[in-house]
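# What follows is a predicted protein model with its sequence.
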Amino acid sequence: MPYQPATPLVSLLRKLAALPAAASRESAPAAPANPAAVGPAGTALIKRFEGCARLRPDGMVAAYPDPGTGGEPWTIGWGATGKDHFNGGRIGPATMWTQAQCDARIAADLGRYAADVAAALGDAPTTKAQFDALVAFHYNTGAIARATLTRKHREGAAREFARWNRAGGKVMKGLVRRRAAEAELYLSDPQ
């Protein structure tokens, strides 16, 4: 089922367009320090877009190729790429995991990605919703340390999400929807 934003996309785009081009840090509303872990909203957003695809009839989960490249990076479970911590080596076409392994891997990855986001943001005031949206963004792109989005956090950063809509050089409808959902979460009220 395709993602249906809580806020209609046109309304969200108008909200984004109404944001000031660059708000000064002094005028930004006070927000709590960076949360240490991704919350339920961020986890749900990641799981909704990643899915736990390729469930086989025998109950095992099989790896699949990147939709943008048709190959690397191979993905399994809830969007896991890179090292295969259960079988050794790298995740590839022959990789298979149990559902429990998929769930264990996302739990470990979310901790690592949340720590990466907290380190990249430093002491910038960040709401829980913003933090969760940035963890979801980083989980998908791995780009939190180099993204303009990180530098523009608190200065109209919600607009930056939409720029990360390509895979293999092509605009992907799924990434357009995912970035809209991350921007919506980022702009939502603190939890």
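Ah, there it is.
# just for this protein, where's the confidence low?
Judged by pLDDT under 70, the chain has its weakly predicted residues at 1-35, 154-156, 189-191.
# Break down it into its helices, ranges please.
Secondary structure of the chain, counting by DSSP state H: helices at 9-18, 40-50, 99-121, 128-141, 148-151, 158-161, 173-187.
# Gly77 is nearest to which of the ones you listed?
Of all the helices of the chain, it is helix 99-121 that lies closest to Gly77, at 3.0 Å by Cβ to Cβ. Placement of C-beta: from N, CA and C, glycine included.
# list the buried ones in that closest one?
By 16 or more other Cβ atoms under 10 Å, the buried positions in helix 99-121 come out as 101-102, 105-106, 109-110, 113-114, 116-118, 120-121.
# okay if I get these as CSV plus distance to Lys152?
Converted to CSV, the buried residues of helix 99-121 look like this (distance: Cβ to Cβ, whole Å):
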residue, distance to Lys152
Gln101, 37
Cys102, 33
Arg105, 31
Ile106, 28
Asp109, 25
Leu110, 24
Tyr113, 19
Ala114, 20
Asp116, 17
Val117, 14
Ala118, 17
Ala120, 12
Leu121, 12
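# Most tightly packed of the helices of the chain?
Highest mean neighbour count among those (mean count of other Cβ atoms under 10 Å): helix 128-141, with a mean of 26.
# which other helices and strands contact it?
Counting contacts by 3 or more Cβ pairs under 8 Å, 6 or more residues apart in numbering; DSSP states H and E, helix 128-141 is packed against helix 40-50, helix 99-121, helix 148-151, helix 173-187.
# try 7 Å this time
Under the contact criterion of 3 or more Cβ pairs under 7 Å, 6 or more residues apart in numbering; DSSP states H and E, helix 128-141 touches helix 40-50, helix 99-121, helix 173-187.
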